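# the amino acid sequence is not available; the structure is as follows:
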């Protein structure tokens, strides 16, 4: 059995977390793109862009860690290949 199947609940939970963080990143970028200068708004929506980049980087990092689980080699499924026994010479 692979490592991902043994810990399917953890993988699904991580994928949900990654999707949530990516959605927050998209929401922050939307807030940045649709920012209007209102009364007292002096920063120009830059903080929304910064938060969007931070959340996008976090989502990419989580995605890398989650999908690297699928590349792990399970030690229980190792196949040991040995050489065949030597043939005895008949004299």
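Thanks, I have the structure now. Remember, predicted model here, so these are calculated numbers, not experimental data.

# contacting residues around the spatially most central residue of the chain?
Geometric centre of the chain, nearest residue: residue 63, 1.4 Å, by C-alpha atoms, centre = their mean. Shown in contact with residue 63 (C-beta atoms under 8 Å, 6 or more residues apart in numbering): residue 18. Where you see a C-beta, it was placed from the backbone N, CA and C, and this is true even at glycine.

# show me what counts as buried in stretch 50-62.
For stretch 50-62, burial by neighbour count (16 or more other C-beta atoms under 10 Å) applies to 51, 52, 55, 56, 58, 59, 62.

# which other helices and strands contact the helix ranked longest in the chain?
Criterion DSSP state H: the longest helix present in the chain is helix 8-33. Secondary-structure packing of helix 8-33 (3 or more C-beta pairs under 8 Å, 6 or more residues apart in numbering; DSSP states H and E): helix 46-69.

# do you know how far the residue nearest to the centre of the chain is from residue 46?
Residue 63 sits 26 Å away from residue 46, going by C-beta to C-beta, to the nearest Å.

# what do you get for residue 8?
Using C-beta to C-beta, which is the criterion applied here, residue 8 is 41 Å from residue 46.

# for the protein, name the helix or strand with the lowest mean pLDDT.
helix 3-6 (a mean of 58; mean pLDDT, DSSP states H and E).

# residue 18 is in contact with residue 55, correct?
No. Taking C-beta atoms under 8 Å as the definition, residue 55 is not a contact partner of residue 18, at 10.7 Å.

# so where's this protein uncertain?
For the chain, the stretches with pLDDT under 70 are 1-6, 37-44, 70-80, 91.
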